[in-house]
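Asker: sequence plus predicted model, see below.
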Amino acid sequence: MSKFKYGCVTFTWSMSGSKYVGKCDHMCKIIKQAGFSAIETQANIMGNYWADRSMMVDLLQEHDLQLSALAFGNAYHNPTLTDEERAAAEKIFDYIGTFSEPRLSLSHRSTARKNLRERQLNALSCLNEMGQLAADRGIACSFHPSSYPASLFLIDGDYRLMLDKLDPEVVSYCPDSGHIANGGMDVYEIFSTYASIIGHVHLKDISADKQWVPIGEGVIDFPRLLKILDNAGYEGWICFEEESPRAVSDPDGETLDAGRYLVEELLPLGYGV
């Protein structure tokens, strides 16, 4: 029996611009209604819930949800963290340390793929430094690469370097099924090869022509991915993230549909908590 836990990423609502900023209560209500057990969010959509962590603690208790992870990204241009980056890290460490089993979902911001290898190595060095600082405070970290055109970690060669240089003792890997496929890689090979260092998971779907689509309507074989994780003994959060055009117009409905896919298609296969 798998020991997976299922959450939902609030980026689905962030795609609507500022409409849902500060409306964590609304998002938690929909996430719970959809059948998920946790929310994964980020400071720029939390509003007062970021300013006052006690509000978030109370909100999660009200909806019987957990905080699966808090997303945190930076550009990391230098081989070591700057004073400004360390200060930002300490602020987020202070916040997330309030919650049980705190986890950061680390990301990297980039506007171009220039000086690629140097910038990749600098970013990875800083991510490892971030991971060590977090580990010293009892906070787990996972790195979540994306597949926008300027990403430093986009295609197969980037991933091999990334997964070779990350220190899995302090920064695990957070695969995102959609971003892996969008980068032209074999999703199942990546999950299988690096299963031992996976510490957090994002699921989203994509079409054959690389357009984001609702979960279950694209080319990703989610039962196959869950079987790979189960066979590897993965125990942790699997968080659904919707980025299709329909998510922009109706993030609530898209999230509820994702929950139905989980309940009707995946849980009957035995991939429950």
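Answerer: That came through, no problem.

Asker: drop to CA atoms for contacts and neighbour counts, all remaining ones
Answerer: Noted.

Asker: flag every buried residue along the helix ranked longest in the chain.
Answerer: Assignment by DSSP state H gives helix 116-135 as the longest helix of the chain. Burial within helix 116-135, assessed by neighbour count using 16 or more other CA atoms under 10 Å, is assigned to 119-135.

Asker: count of residues packed around the closest residue to Arg109 other than its chain neighbours?
Answerer: With CA to CA, 6 or more residues apart in numbering as the criterion, Arg109 has its nearest non-adjacent residue at 4.6 Å, and that residue is Ala75. Counted by other CA atoms under 10 Å, the residues lying close to Ala75 total 15.

Asker: Ala75 and Glu265, how far apart?
Answerer: Between Ala75 and Glu265 the distance is 38 Å, computed by CA to CA, to the nearest Å.

Asker: same question for Tyr234.
Answerer: 20 Å.

Asker: ok, Ala87 - how many residues close by?
Answerer: By other CA under 10 Å, the residues close to Ala87 number 12.

Asker: what's it sitting at in phi/psi?
Answerer: According to degrees, to the nearest 10, the main-chain angles of Ala87 amount to phi -60, psi -40.

Asker: and it, what pLDDT?
Answerer: Listed pLDDT for Ala87 reads 96.

Asker: residues contacting it?
Answerer: With contact taken as CA atoms under 8 Å, 6 or more residues apart in numbering, Ala87 is in contact with no other residue.

Asker: just the CA atoms of the top strand by length along the chain, as CSV, please.
Answerer: Longest strand in the chain, counting residues (DSSP state E): strand 66-74. The C-alpha trace of strand 66-74 is given here as CSV (Å, rounded to 0.1, in the frame of the first residue of the first chain):
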residue,chain,number,x,y,z
GLN,A,66,-1.6,20.8,6.0
LEU,A,67,1.0,23.0,4.3
SER,A,68,2.7,20.6,2.0
ALA,A,69,5.3,23.2,1.0
LEU,A,70,6.0,26.8,0.6
ALA,A,71,7.5,27.9,-2.8
PHE,A,72,10.5,30.1,-2.7
GLY,A,73,12.7,31.2,-5.7
ASN,A,74,15.6,33.5,-6.5
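
Asker: that strand pairs with which strands?
Answerer: Here the strand partners of strand 66-74, with direction, are listed using DSSP bridges: strand 38-42 (parallel), strand 103-108 (parallel).

Asker: so which of the ones you listed comes closest to Leu166?
Answerer: Nearest of the strands paired with strand 66-74 to Leu166, taken as CA to CA: strand 103-108 at 12.1 Å.

Asker: the closest one: how far from the chain's middle?
Answerer: How far strand 103-108 lies from its chain's middle: 7 Å, per CA atoms, centre = their mean, to the nearest Å.
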